[in-house]
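# need a structure here:
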Amino acid sequence: MLGGTFDPVHLGHLRSAVELGEALSLDRVHMIPAAKPPLRGEPSISPGERLALLRLGIGDTPGLVADARELDREGPSFTTDTLASLREEVGPAARLVMALGHDAFLRLADWHQPERLFELAHVVVIDRPGIDTPLSTGLRDMVADREVEDTQALMSTPAGHLLRLRLPSRMAISATDVRHRLASRASVRYLLPEAVEARIHVYGLYRS
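Just a heads-up that it's a prediction; the model follows:
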């Protein structure tokens with residue numbers, strides 16, 4: 001799974017999802033918008049609108065799935081609940097991966113039931129350009145015995161490992177910057193899929 005607010009989904013999100021699937025030989029990548037992210041402010045537009053944009057962005061891309069399960073659930077969007085739901089669907093023997101960027105990984109120790117994440121899935125940290133912050137003591141202790149060096153070691157068990165992964169494209173696109181550009185009427189061409197950009201303009205989303 002690849003979660004996030006997708007506020008809005010951009011080409012960096014989508015390219016990362018494609019390359020993640022290729023690098024780990026995944027059957028599919030569930031892109032899951034958070035309805036109520038516990039550790040950040042309320043997204044700029046509604047969960048339903050973010051899901052609609054995500055579906056447009058994915059289009060018919062093989063292996064990518066726009067997954068609405070966090071939008072259909074009451075309360076905060078805890079990743080442990082999402083992984084538990086996915087684990088129930090795929091069964092105990094399937095290999096399940098949760099991917100996140102390095103900036104989000106740095107706050108992992110503050111997440112709801114962080115140790116349980118590893119009981120349910122592997123954690124893959126996607127390197128992001130310009131992010132090189134050292135780990136906190138709590139996070140370092142949490143992942144000390146879990147880190148593996150390659151995909152083969154990661155996939156040797158259904159869950160419990162950590163892998164740092166550098167994807168080929170490493171597109172340094174920021175959703176925050178995209179929102180600022182939209183608010184100021186600046187161009188977002190080649191930052192967003194054309195269908196996403198068109199819907200944003202038609203409905204006047206992200207205008208200040």
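# what ranges of the chain fall below the confidence cut-off?
Filtered on pLDDT under 70, the chain yields the residue ranges 38-41, 129-132, 208.
# Now do the longest helix seen in it: everything it contacts.
Longest helix of the chain, by residue count under DSSP state H: helix 11-24. The contact list for helix 11-24 (Cβ atoms under 8 Å, 6 or more residues apart in numbering) reads 2, 4, 6, 26, 28-29, 31, 57-58, 61, 63-64, 97, 99, 124, 126, 151, 154-155, 165, 167-169, 171-173, 190-193. For the C-beta atoms, the positions are set from N, CA and C on the backbone; glycine is no exception.
# which element follows that helix toward the C-terminus?
strand 29-33 (DSSP states H and E).
# Could you list the paired strands of that next one along with their orientation?
With DSSP bridges as the test, strand 29-33 is paired with strand 2-4 (parallel), strand 64-66 (parallel).
# Next up, the contacts around residue 200.
By Cβ under 8 Å, 6+ apart, the residues touching residue 200 are 8, 53, 182, 188, 192, 206.
# My reading is that it lies in a helix. Confirm?
Yes. Residue 200 sits within a helix when classified using DSSP: H, G, I helix; E, B strand; the rest coil.
# ok, so what distance separates it from residue 206?
6 Å (Cβ to Cβ, to the nearest Å).
# Which one, of the strands paired with strand 29-33, ends up nearest to residue 83?
Smallest distance to residue 83 across the strands paired with strand 29-33 (Cβ to Cβ): 9.5 Å, for strand 2-4.
# residues in contact with the closest one?
So strand 2-4 is contacted by 13, 16-17, 20, 29-34, 70, 77, 79, 82, 98-100 (Cβ under 8 Å, 6+ apart).
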